[in-house]
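Student: give the three-dimensional model of this entry:
(one chain, ligands or ions: 1)
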Amino acid sequence: MLNLNQETPYDNLPLDDFKNTVLSCQQCELCHTRTNVVFGSGPIPCNLMIIGEGPGEQEDLQSLPFVGRSGKLLTKILEYVSINRDTDVFIANTVKCRPPNNRTPLQAEIDSCKPYLIRQIKLVKPKILLLLGSPSLKTILEETLTITKTRGKWYKTIVDYMSDPLYIMPLFHPSYLLRNSSQEEGKPKWLTWQDMKEVKSVLRFYEQNPVQVNKILVDT
Ligand code: SF4
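Tutor: This is a model prediction of the structure:
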């Protein structure tokens, strides 16, 4: 599990200065091929945070996360459990710049961007963190298991910004669901609906009973 309490060079920067630092970053090779840096979007702080892989073509053009086909599906998935993507969730990516041809981010690129992600989590202060796809799973959980083995399971870690642990669940990436669109019981899309229903129930419970959240979650 990544230590989310570790210091970053950006811990003392106010949000605007931090954001400007990210938007002008040239710390890895992706700065040469991006159109825009995609910082992330949503309220800060926020109980729910989603971390995807990296910007795609539309995200790179618009400087917003999850606005292409995958993004539309993500919006639909969130709406299915009455989560408003503009007001109820902060959405970010593991790397803030688009990898050429939407390839998987290289480890060096992920490592360069990691302090930004850690600082973002400290700012957003989520109570629940959802990991979409393999790069965010491997970055946050430092997990060698596949997304198929880990999706829908709760993990937890201690964070400095609250007394309760931060609960983390890996989910299938919407782009995977676009390629596997069957809604038949047991298929990836159906499993994701079930996962989201559980996320929503925990979110609701946490909002109403913040100190008791641990009691309804199974230790991992
Ligand atoms: S991916 Fe991250 S580290 Fe690399 S240039 Fe973009 S913001 Fe900087």
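Student: any residue of the helix or strand containing Lys114 up close to the ligand?
Tutor: Here Lys114 sits within helix 107-124, counting by DSSP states H and E. Yes. Legend: contact between helix 107-124 and the ligand by Cβ under 6 Å from any ligand atom is shown at 109, 112-113. C-beta coordinates here come from the backbone N, C-alpha and C atoms, glycine included.
Student: which of the residues you listed has the most neighbours?
Tutor: Among the residues of helix 107-124 next to the ligand, Cys113 has the most neighbours (other Cβ atoms under 10 Å), with 23 neighbours.
Student: residue most distant from the centroid, this structure?
Tutor: The centre of the chain is farthest from one residue, Glu184, which by Cα atoms, centre = their mean lies 26.2 Å away.
Student: now for that one: which residues touch it?
Tutor: Taking Cβ atoms under 8 Å, 6 or more residues apart in numbering, we find Glu184 in contact with Trp190.
Student: that one and Trp193: what is the separation?
Tutor: According to Cβ to Cβ, to the nearest Å, Glu184 stands 12 Å off from Trp193.
Student: and the strands in this structure?
Tutor: Assigned by DSSP state E, the chain shows strands spanning 48-52, 90-93, 128-132, 155-157, 166-171.
Student: in CSV: the ones you listed, plus distance to the ligand, mean pLDDT and mean neighbour count.
Tutor: Below are these laid out as CSV (distance: least, Cβ to the nearest ligand atom, whole Å; pLDDT from 0 to 100; neighbours: other Cβ atoms under 10 Å):
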stretch, distance to the ligand, mean pLDDT, mean neighbour count
strand 48-52, 13, 98, 26
strand 90-93, 9, 98, 25
strand 128-132, 17, 97, 25
strand 155-157, 23, 95, 17
strand 166-171, 21, 96, 24
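Student: who are the contact partners of Gly54?
Tutor: Contacts for Gly54 (Cβ under 8 Å, 6+ apart) come out as 93-99, 102, 105, 135.
Student: what parts of the chain come near the ligand?
Tutor: Looking at the ligand, the residues of the chain close enough under Cβ under 6 Å from any ligand atom are 22, 25-28, 30-31, 37, 95-97, 109, 112-113.
Student: redo that, cut-off 5 Å
Tutor: Taking Cβ under 5 Å from any ligand atom as the criterion, the neighbours of the ligand within the chain are 25, 27-28, 30-31, 95-97, 112-113.
Student: I am finished for the moment; much appreciated.
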